[in-house]
Structures are given as structure tokens and as C-alpha cells.
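the following comprises the amino acid sequence and a computationally predicted model.
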Amino acid sequence: MKKLLTLFIILSMVVYTTSCDNGFEDLNVDPTASVDLDVNPKFAYLFLKSAGDEFEHSYTNILCAGQLTQQVIDTDFPQSSIYTIREDLQAAWWIVAYQNTIKSVVDIIAQLESEGNVGTEMGIARIWKAYIFHTIVDQYGDTPYFDAGKGFLTGTIRPAYDDAQKIYMDMLNELEEGVAQLGSSSTLGTADLIYGGDTAKWKKFGNSLMLRLAMRIKNVDAAASTAWANKAITGGTMDSGADTAFMTHTNGPEQLNQNAWGVYQPRYVNARIGATLYDWLADHGDPRLNILTDPNGPAAGNRFGLEKDQLLAIYGESPDSYARVNPAITTLTSPWVFISYAQTALLEAEFAASAGNHSTAETKYNDGVRANMQIWGSHYDASLTVDNSTIDDYLTANPYVASEGERMIGEQYWAASFFDFFESFSNFRRSGYPELQPFGGEAPHPSTTTNGEIPRRLMYPSSEGSVNADNFNAVLQAQGPNNQITRVWWDVK
């Protein structure tokens with residue numbers, strides 16, 4: 001059901017284009033539209049591209065967000081771990097989104113509108129558009145949204161940057177209306193690479209994303225956060241691992257079919273598990289230690305905040321001293337998880353804990369931990385299965401404690417978001433957990449550009465200052481300087 005069809009890849013090579021510039025100058029041409037092209041292969045390509053290629057994943061998800069959350073370290077690209085800047089790493093995700101996925105979903109919605117489709121397919125498209133944009137807004141802040149990707153429709157080739165709060169409110173409304181449009185069946189068939197046409201699961205996905213966004217604004221609009229979280233939970237969120245939104249990858253025929261980390265790992269041999277994560281797993285007797293890390297490698301994680309020469313001079317260590325990510329979960333055919341049941345259960349746990357309902361919080365906490373421990377065996381490799389008795393022992397040794405509830409939930413969410421480093425980075429900034437130490441507790445690196453603070457956002461491409469100058473200057477006035485310290489709207493912790 002979720003295997004990627006060669007037809008879709010061949011088709012994508014014909015009707016989709018990419019380039020190396022910012023992308024806004026090309027918005028007056030729709031590279032995806034074809035009067036003769038059915039919407040289904042467009043959906044298939046959109047889902048496939050949303051899972052990401054090695055370029056944007058390695059540059060921005062892994063080397064920026066993954067290092068900022070101290071979960072993975074690559075000392076060949078230390079910029080994010082020592083809080084300096086390498087612009088191409090920070091800009092890759094933005095560039096691909098605006099050149100490709102945003103254009104693609106806007107084109108799909110426009111075609112559905114022209115066909116008079118106001119049902120399931122439109123609902124899925126609106127939900128997926130919110131999914132694409134929430135990552136962009138969370139990492140960069142104010143961003144082109146309302147007019148983005150519409151150059152071929154409206155002629156707006158230099159869209160304004162929209163206020164993140166307004167975007168969030170619109171995304172929540174889009175999710176509510178999109179879920180309401182979902183019927184009992186879908187015409188997407190095998191083009192639905194996520195759920196294979198199961199609209200009941202799409203409803204749970206839409207509501208689970210609604211819950212994620214609702215919790216994100218918890219510290220800046222408590223009333224709206226509570227209202228939207230209640231609406232999501234009442235509407236029905238994911239309630240088992242079977243609801244996890246993921247896509248199976250294949251080993252070809254194109255690299256886009258392959259898992260991005262599976263492509264990245266053999267290319268970048270010094271990518272290692274971060275010591276912060278490794279030590280946390282070890283300290284808690286966590287069975288995921290031998291799932292996330294290579295059990296045949298060194299029993300240590302890569303120290304954070306140091307370049308290779310410093311590691312050698314101070315500790316006599318090199319990247320070979322540290323464990324790599326387990327090759328069993330980084331194959332070319334490993335799945336990509338968009339939103340997991342584990343993440344959703346943990347957000348419900350936090351929502352309950354914030355309301356003082358610690359009985360429900362404990363149940364959801366246990367469910368979330370159990371689900372993340374089980375996903376590695378069910379979705380990645382059967383040899384990584386963690387049996388129920390082992391999980392029970394872990395929960396007994398690490399029981400939910402009401403007075404420490406939000407910290408414990410935040411730490412588990414961090415662990416459960418491994419590979420989805422954007423989400424890990426976002427939830428850390430929003431919740432304050434785990435309590436990461438700048439430079440991993442090492443002395444501030446002399447090259448830091450953040451005054452020694454943990455960065456709070458990724459930077460816009462500097463090319464925006466030339467290709468979209470007026471709007472770029474306006475966003476700097478509204479949001480703040482284009483640096484890693486300026487905070488996005490909801491980040492007030």
C-alpha cells in the first residue's frame with residue numbers, strides 16, 4: 001500500500017522542477033500544473049517529497065535541528081553545536097519548501113477547487129498544507145503564507161511575510177475545516193502514500209496536528225490553546241500505534257524514494273549520537289539505548305559544543321570514540337514518520353497534567369512511552385522489538401510523578417521525536433524540556449554568534465534581502481533581526 005510506485009517518480013521528474021535560487025522569482029510559473037494531469041499522482045509526489053530528500057534533511061533537520069537538540073553530533077559540520085552560522089545548512093529546508101512542496105500543495109488545492117472538489121481530497125490537501133507550513137513557521141517564524149506558492153494564480157511573485165500568530169490561527173481553522181470535509185472514502189487509492197485512503201486515520205491525523213499546534217501556543221494564548229486542544233481531543237486523535245502517520249521508503253528507483261538518513265549516514269561517517277541523549281537513556285536504564293545507538297559501537301555519546309581538535313586536545317577523543325546511530329534504523333528502506341501516536345499521547349499527557357488531571361496524564365504518559373518503545377520493532381526492524389515486560393519494568397523504575405510531570409513528559413517527547421529533530425527543537429523551545437545546557441556544559445565556544453545562548457530559531461536565506469527586499473526588510477522590522485536569537489512568536493519560555 002505504501003510502496004512508492006516507479007510511475008510516480010518518473011512522472012515527478014517530468015512535471016516537477018527545482019532550482020538553486022530562492023524560488024520566489026519562479027512563482028509566476030506553475031511547474032506542477034498540467035491540464036491533463038490527474039490530481040492523484042500530484043498527491044503521491046507531494047507526500048513523497050514531504051518526507052524529504054537527503055539534501056534538506058542532512059543540512060537542516062540533522063545538522064541544524066538535530067545538533068541544536070543535542071541528539072546527534074557531526075563534528076565535520078560543527079556550526080550548530082558551537083552556535084555559529086553556516087547559511088546553506090540553515091536555508092536548505094526553506095529553499096526546498098518554497099520551491100517545491102508549498103507550490104505543489106497550492107497547485108493541488110487550486111486544481112481541486114477548479115474541479116469543484118469540496119470533499120475528502122480537498123480536506124486531505126488542506127490538512128497537509130498545514131503540516132508543511134507548521135514546520136516552516138516553527139523554525140523560521142514569520143513567513144510568506146497567505147500568498148505563498150500562488151504566483152501562477154495571482155501573479156504575486158514576491159509575497160509578503162505573514163505574522164506567525166495569524167498563520168497559526170489560520171492553520172488551526174484549516175485543520176478544523178479540512179477534517180470536517182473528510183468523508184468515508186477517498187479517490188486517491190495508491191496515491192495516498194500515508195494512509196492508503198483510510199479517512200478515519202486522516203481525521204485522527206488532522207486532529208493530532210491540531211493538538212500539536214494548540215500545545216505550541218500554550219504559553220502565549222492559554223485560552224485558545226485549551227479550546228483548540230479540547231476540540232482536537234474531542235474530535236478524535238491518534239489512539240494506537242496503528243494511527244501513526246508514516247511512509248515506507250524503497251531502495252530506488254530514485255534517491256527520493258530512499259530514506260534520507262539511510263543516504264546520509266554512509267556519506268557522513270562522523271555522525272554520532274549526542275552525549276546528552278546517550279547519557280539520558282543510560283541513566284534511566286532505557287531499552288532504547290541499544291535501539292537508537294549502534295550496540296556494536298563504543299558505549300558513549302559525542303560530547304557537545306566542541307570541535308574535533310578540541311575533543312582531541314581536551315579529552316583525547318575522536319568521533320570514533322562515540323556510538324553511531326544504529327544502522328538497523330537508518331537503512332535506505334527505513335520509514336519516515338510524520339506524526340506518531342507516541343508524540344500525540346505525550347501531548348495529551350501534558351494537556352491533562354496542566355489541568356491537574358494527573359490520573360489521565362499518567363495513563364497517557366505510559367501510553368506514549370510504550371508506543372515509542374514499540375515503534376522500532378513494528379515499523380523499522382523486528383529485531384528491535386521491546387517486549388511488554390521490559391516496558392513494564394522501565395515504567396516501574398521510572399514512574400510518572402505528578403510534581404515532575406511536565407518535565408518527565410517533555411523529556412520523553414524529546415526522546416520520542418528522534419529523527420524528527422524539527423519537532424524536538426520546537427517542543428524544547430516551547431516547553432523548556434529537556435533542560436539542555438549551552439554547549440552541553442562545556443565552556444562557551446569562542447566563535448559563538450549567540451552570546452553563548454542556545455539558538456532559538458533558524459535564519460532566513462540572505463538572498464531574501466535581494467529577491468524579496470521590501471518584504472524582507474518589513475519582516476525584520478516586525479519580528480526582529482535575522483539571527484538565531486530572535487524568537488518566533490510562541491517562544492516565550
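Looks like it came in fine. Since we're looking at a predicted model, the values are computed, not measured.

can you report phi and psi for the closest residue in space to Thr187 that isn't next to it in sequence?
What sits nearest to Thr187 in space, not counting adjacent residues and going by Cβ to Cβ, 6 or more residues apart in numbering, is Glu121, at 6.3 Å. Quick note: C-beta positions are derived from backbone N, CA and C, even for glycine. For Glu121, the backbone dihedrals (degrees, to the nearest 10) come out as phi -60, psi -40.

which residues does stretch 61-69 contact?
52, 72-74, 77-81, 89-90, 93, 139, 260-261, 264, 271, 274, 304, 414, 420-422, 424-425, 428, 436, 454-455, 458 (Cβ atoms under 8 Å, 6 or more residues apart in numbering).

returning to what we had before: check the gap between the residue nearest to Thr187 and Leu346 for me.
31 Å (Cβ to Cβ, to the nearest Å).

that older thread, surely the residue nearest to Thr187 touches Lys42?
No - with contacts counted by Cβ atoms under 8 Å, Glu121 stays clear of Lys42, the gap being 10.5 Å.

please enumerate the strands of this protein.
In the chain, the strands defined using DSSP state E lie at 72-74, 245-247, 271-273, 336-339.

ok, and the closest non-adjacent residue to Asp88?
Once flanking residues are discounted, Asp88 sits nearest to Tyr59: 6.5 Å by Cβ to Cβ, 6+ apart.

what's near enough to touch that neighbour?
Applying Cβ under 8 Å, 6+ apart, the residues near Tyr59 are Asp88, Leu89, Gln90, Ala92, Trp93.

for the third one, give its distance to Thr60.
Put plainly, it is Gln90. From Gln90 across to Thr60, the span is 6 Å (Cβ to Cβ).

please apply the same query to the last one.
Distance, Trp93 to Thr60, using Cβ to Cβ: 4 Å.

related to what we said a few turns ago, what is the burial count for the residue nearest to Thr187?
Look at Glu121: counted by other Cβ atoms under 10 Å, it has 25 neighbours.

show me what contacts it?
By Cβ under 8 Å, 6+ apart, the contact list for Glu121 reads Val39, Phe43, Leu112, Ser186, Thr187, Leu188.

the residue nearest to His358 when sequence neighbours are not counted: neighbouring residues, count only.
For His358, ignoring the flanking residues on the chain, the nearest one in space by Cβ to Cβ, 6+ apart is Ala402 at 4.1 Å. By other Cβ under 10 Å, the residues close to Ala402 number 14.

low-confidence ranges in the stretch 101-250 of the chain?
Within the stretch 101-250 of the chain, not a single segment meets pLDDT under 70.

that one: helices as residue ranges?
Here the stretch 101-250 of the chain has its helices, by DSSP state H, counting those that start in this stretch, at 102-114, 120-140, 151-154, 164-181, 199-216, 222-235.

are there helices or strands packed against the last one, and which ones?
In this structure, helix 222-235 makes packing contacts with helix 164-181, helix 199-216, helix 341-354, judged by 3 or more Cβ pairs under 8 Å, 6 or more residues apart in numbering; DSSP states H and E.

swap the cut-off to 6 Å and go again
helix 199-216 (3 or more Cβ pairs under 6 Å, 6 or more residues apart in numbering; DSSP states H and E).

give me the residues contacting the helix it packs on.
For helix 199-216, contacts defined as Cβ atoms under 6 Å, 6 or more residues apart in numbering pick out 120, 124, 127, 131, 172, 175, 178-179, 182, 186, 195, 225, 228-229, 232, 235-238, 243, 245, 339, 344, 347, 430, 490.

next one: it to chain centre, how far?
In terms of Cα atoms, centre = their mean, to the nearest Å, the centre of helix 199-216 is found 14 Å from the chain centre.

tell me what angle it forms with helix 341-354.
Computed by axes from the mean of the first three to the mean of the last three Cα atoms, to 10 degrees, the angle separating helix 199-216 from helix 341-354 equals 50 degrees.

residues near Asn251, how many?
Using other Cβ under 10 Å: Asn251 sits among 12 other residues.

list the contacts of it.
By Cβ under 6 Å, 6+ apart, the contact list for Asn251 reads Leu332, Thr333.

any idea how far it lies from Ile375?
Taken as Cβ to Cβ, the span from Asn251 to Ile375 is 21 Å.

same thing with Arg303?
28 Å.

got it, and Arg324?
When Arg324 is compared with Ile375 (using Cβ to Cβ), they lie 20 Å apart.

mind saving the C-alpha coords of stretch 238-254 as PDB?
Output in PDB follows, covering the C-alpha atoms of stretch 238-254 (Å, rounded to 0.1, in the frame of the first residue of the first chain):
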ATOM      1  CA  MET A 238      -4.500   9.000  17.300                       C
ATOM      2  CA  ASP A 239      -5.200   6.300  19.800                       C
ATOM      3  CA  SER A 240      -2.800   3.500  18.900                       C
ATOM      4  CA  GLY A 241       0.400   2.900  17.000                       C
ATOM      5  CA  ALA A 242      -1.700   1.800  14.000                       C
ATOM      6  CA  ASP A 243      -2.600   5.500  13.600                       C
ATOM      7  CA  THR A 244       1.000   6.700  13.300                       C
ATOM      8  CA  ALA A 245       1.500   8.700  10.000                       C
ATOM      9  CA  PHE A 246       4.400   7.300   8.200                       C
ATOM     10  CA  MET A 247       5.600   6.400   4.700                       C
ATOM     11  CA  THR A 248       7.600   3.400   3.700                       C
ATOM     12  CA  HIS A 249      10.700   4.000   1.600                       C
ATOM     13  CA  THR A 250      12.200   1.800  -1.100                       C
ATOM     14  CA  ASN A 251      15.700   1.400  -2.400                       C
ATOM     15  CA  GLY A 252      15.100   3.300  -5.700                       C
ATOM     16  CA  PRO A 253      14.500   3.800  -8.500                       C
ATOM     17  CA  GLU A 254      15.500   7.400  -7.500                       C
END
